[in-house]
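> Build me a model:
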Amino acid sequence: MTPSPSICSTELSPTLDSNQTDPPVPPTQKKKKKKKPKKAAPEDAPSPAPVKPTGNAPDPERPPMLCISRNKHWKYISSYHGPWLQLPLELLESLLVLNLDPATLSTSETPASHLPQISHSAHGRSHSRATPRSGERDRRFQALSDHTPPDSPGANFSFSLSPRAATSPPPLPPPIPGKPTPPPIDPGVFRNVATIRRLIDEAAELSVRASCGIPTASMGSIRGGGNSPWVTGQAFGLDGSANMGGGRNVAMSAMRVRRLRALAVQKLAAAYKADEIASSVMVMQGGSVFDDIAERVLRHDPDDPDAKYVHFFHEKIPSRQLAESTTTQVLDELIAAHPQRLEYYRTRGIVHCFRDEFTLATKDFTYALKEARASRKGRMAHRKITLSSESRGKSGKKKKGSNKTNGQAPPNGTSDAAEGPTVDGPDGETLVLHPSVLPDAPDPIEPQLLFLRGAAYLQHAIHLIESAILKLEGIAQATPSTDGTELRVCYIDNSRYGGVEIGNPDGPLGRHDGPKARAYRRVLGDESFREDICIYLRKCIRDHERFLAHFDTLEAPSPTASRDAAAELPRRVEIAFLLTEMMRPGNHNSAASGLAGAESTIPAMFTTYHPLLVESHFSILICQLMLAELPTLLRTFARSAVLVDGLEGYPVFLPPRSMAQAEFVEVLERLASGWRVGIQPHSAMRVAAVGSRLAIGAPRPSPSTSLKASSSRRNSTTPCSVPFASTSSATNGIRVPVLPAPAPGRDTPSSFREARVDLAEALDCARILLVPVAARQRERAAKAAAEKVSGGNKKKPLNINIPLHGPRVEIILAWMAAVHLVELESVA
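Model (predicted):
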């Protein structure tokens, strides 16, 4: 039906132009101008599309504003990019089956030392991973070489050894006997992306059929015709002379077109309900196929819940103005009509976070999380009743795969008893299924809600601090500008105190006895305000730790088990910073030089991959830094950096870009360059300076003896002379594989005023954290100066330095300077 009006319009255009006597050039211009509106007019005559531009037209002086769909504003989109967007669906589902198989990571095959080493140089991570885990996955998924996208890590393998890989790589952590091996990628998120791929691919096909009027038989011809242009042309209704009207041009009724679009909207809604972040990434790959499909469905059925939900994501809004252009009215209506759909609560909570309504957001996340857990418990109870009834009916036969021994010990002892269902491995061995692949595993929405609620708590704390700072500076609440820039509380113009300072050696707020520091300390250091911030930060840590508890980790014994763990802590922190810096663009080559011999200090780790894992780990580090739990922060940072460095989501996901990671590193960089007290030599450096005298004299005291001696002498010695062993009580637990839970004690900010030895210990931990950062800054400055001298007048390419962090960095610095740094400086 649609081709005929367009053909008529093209036939009328030459007739109108032939009656004119103007030169030949203007008629061609008029011809082009007439073609475009006439082609689009018959097709979209009842559409309100022409009304949209008139809504923005009344103000001619206002600059044009870019409008994009709402789903492009969603957070954490960069964490879900990867080959799963382009891999054939059959191959993606095959990878899902391999991921669920416990034999995928079995070590009964060829040793991984004979495999090439993969270098992720395409994404800024050029250090080779000469570890068996990457070799195992490369061996398992070696058939992916023909389907690797151009921008994936598999597109360019580099077999050159990096300084870190020059030595013998650490072995893959062996699984605990009787314990299941964690899958390479989280089964919940893997199932979600496979389902989303299938749903959105089918929705795209339905949308194209509805727009072009192609029946099912023609689509079958397109699929089965291969690369033949003749078959494809016939399927689209072209005859041999490329004219419309021939071939299989079967007219499709308007009712059928509407049904195809409604079915496509149903599939899109199902994809968004599974995971709205992954679905947004996948929809972006389809271009303009889904732009107005939900709006067309709503014209004929305004009460369609799926169309409302999809249109909420696809509606065009001004860029970077989601909070001002979005309300929760549509989601409120959907929740009122379908209160059992927990996905609507999740989406509404995210919108509340964009609108700075964090109390309402946490309320939605908490309710959905509570209902999801209750639903899972109900399913587990029903499944147990069903299994018990089946076992009573077959009491004489033992079920295959059951590990019940009727109270008898296994032949090899109780320690070899497998926990959970088992399957037979490729060599006949017994493999235990991981709980995450079982039917009783939590739905993917549970970890999603835990992560989102933890992020909301941290964002709420940051928002309260920012509001207090803007009120103190006498500035109105920040509103997004038309050019997309964000207000940063550093060197604020027309303000009372000028905001956070950059590069001032006295600290982010200047001297601690200056008027700015005193004013900030009076507002941010208020007991009630400080307590509220600490409560939100601890709740954020709690939710992120519960989120991380969904993913098991295999950890080899620490190489420093036979040595002094406290003495190795500064080296582990330095390695952690270098590993974290290697993930930043432009720093991977220079940072890799400091990792020589790192295998003798850091343990081998393997954990299940999730796209939001990196963001969660560094959100915990930011909270611990803002709480000034510095001894705990050192241990957590030393472990998290190694664990994040070993994460591998290929061949499904690419390395994520974490905003929390960029912000944490930027805070360390700012403190190292703008707080001279924090980069003074720490206790380990002072012990190394006098090591020769200790070797000649008495033997070095043990950590416990030194701690007692330092406690007895703290009244007669200066705070700077506290020996290194004073930090041993906070670092003896370095080999504990689990993340330490924040408990009230001497790690908490309120306890810093109770004893000066705790402040001295915290200051020493801060210096252990910042000294390697300052050393790297000096190395980069020296290298830049040397290149400038050697280059002479040589023209260098333009270096575009785009900041990877957001405005939260200055807010964190202001909080640290007003609340914690002044207390640490009191014992410096």
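> can we go C-alpha only for contacts and neighbour counts from here?
Fine.
> Can you list the low-confidence ranges for the stretch 201-350 of the chain?
Counting by pLDDT under 70, the stretch 201-350 of the chain shows low-confidence ranges at 215-250.
> Show me the strands in it, by range?
316-318 (DSSP state E, counting those that start in this stretch).
> residue boundaries of the helices in it?
All helices of the stretch 201-350 of the chain, identified by DSSP state H, counting those that start in this stretch, fall at 216-224, 229-235, 254-274, 276-284, 293-300, 305-314, 322-325, 329-337, 342-354.
> Any idea which of those helices gets closest to residue 83?
helix 276-284 (11.2 Å; CA to CA).
> what's the average pLDDT for the helix or strand hosting residue 688?
Secondary-structure assignment from DSSP states H and E places residue 688 in helix 683-689. Model confidence over helix 683-689 averages 82 on the pLDDT scale.
> ok, back up a step: can you redo the helices of the stretch 201-350 of the chain as TSV with mean neighbour count and distance to residue 69?
Below are these laid out as TSV (neighbours: other CA atoms under 10 Å; distance: least, CA to CA, whole Å):
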stretch	mean neighbour count	distance to residue 69
helix 216-224	15	29
helix 229-235	18	32
helix 254-274	21	14
helix 276-284	22	10
helix 293-300	19	13
helix 305-314	23	5
helix 322-325	15	10
helix 329-337	15	16
helix 342-354	23	14
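> show me the contacts for residue 521.
Applying CA atoms under 8 Å, 6 or more residues apart in numbering to residue 521 gives the contacts 818-819.
> how much space between it and residue 468?
Counting by CA to CA, to the nearest Å, the separation of residue 521 from residue 468 is 11 Å.
> didn't residue 539 look like it was pressed against residue 455?
No - distance between residue 539 and residue 455: 9.8 Å, which falls outside the contact criterion (CA atoms under 8 Å).
> Comparing those two, which residue is more hemmed in?
Applying other CA atoms under 10 Å to residue 539 and residue 455 shows that residue 455 carries more neighbours, namely 23 against 18.
> pretty sure the more buried one contacts residue 538?
No - in this structure residue 455 lies outside contact range of residue 538 using CA under 8 Å: 11.7 Å.
> which intervals of the stretch 1-150 of the chain have sub-threshold pLDDT?
For the stretch 1-150 of the chain, residues meeting the criterion pLDDT under 70 lie at 1-63, 106-150.
> if we can go back for a sec, CA-only coordinates of the helix holding residue 688 in PDB, if you can.
Output in PDB follows, covering the C-alpha atoms of helix 683-689 (Å, rounded to 0.1, in the frame of the first residue of the first chain):
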ATOM      1  CA  SER A 683      56.900   3.800  59.000                       C
ATOM      2  CA  ALA A 684      58.100   1.000  56.600                       C
ATOM      3  CA  MET A 685      60.300   3.500  54.800                       C
ATOM      4  CA  ARG A 686      61.800   4.800  58.100                       C
ATOM      5  CA  VAL A 687      62.400   1.200  59.200                       C
ATOM      6  CA  ALA A 688      64.300   0.500  55.900                       C
ATOM      7  CA  ALA A 689      66.400   3.600  56.400                       C
END
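> For residue 432, give me phi and psi.
Residue 432 has phi and psi values of phi -90, psi 130 when expressed as degrees, to the nearest 10.
> and what of the one 3 residues further on?
When quoted as degrees, to the nearest 10, the phi and psi of residue 435 stand at phi -60, psi -30.
> Ignoring the adjacent residues along the chain, who's closest to it?
The shortest distance from residue 435 to any residue other than its chain neighbours is 6.2 Å, reached at residue 441 (CA to CA, 6 or more residues apart in numbering).
> what about the one you found, how many residues close to it?
15.
> Local confidence estimate at it?
At residue 441, the model reports a pLDDT of 89.
> mind checking the SS state of it?
Look at residue 441: counting by DSSP: H, G, I helix; E, B strand; the rest coil, its state is coil.
> Surely it is in contact with residue 433?
No - contact between residue 441 and residue 433 fails when scored by CA under 8 Å: they sit 11.6 Å apart.
> list the contacts for residue 642?
Residue 642 is in contact with 576, 579, 602, 605, counting by CA under 8 Å, 6+ apart.
> Now do the SS call for residue 496.
Following three-state DSSP, residue 496 is assigned to coil.
> Need the residues that contact stretch 313-327.
Counting contacts by CA under 8 Å, 6+ apart, the residues outside stretch 313-327 that touch it are 65-71, 73, 290-292, 294, 351, 354-355, 480, 484.
> how much space is there between residue 468 and residue 789?
According to CA to CA, residue 468 and residue 789 sit 47 Å apart.
> neighbour-wise, which of those two wins?
For residue 468 versus residue 789, neighbours defined as other CA under 10 Å are more numerous around residue 468 (16 against 10).
> quick one on the thing from earlier: make a ChimeraX selection of the buried ones in the contacts of stretch 313-327.
For anyone working in ChimeraX, the buried entries among the contacts of stretch 313-327, judged by 16 or more other CA atoms under 10 Å, can be selected with:
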select :69,70,71,73,290,291,292,294,351,354,355
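> just so I have it, where are all the helices in the stretch 401-550 of the chain?
With DSSP H, counting those that start in this stretch as the criterion, the stretch 401-550 of the chain has helices spanning 445-473, 515-524, 527-548.
> most packed of those helices?
Looking across the helices of the stretch 401-550 of the chain with neighbours counted as mean count of other CA atoms under 10 Å, the highest average goes to helix 445-473: a mean of 21.
> Tell me which other helices or strands the helix or strand residue 359 falls within touches.
With elements delineated by DSSP H and E, residue 359 resides in helix 358-393, which encompasses its position. Contacting helix 358-393 under the criterion 3 or more CA pairs under 8 Å, 6 or more residues apart in numbering; DSSP states H and E are the following elements: helix 342-354, helix 445-473.
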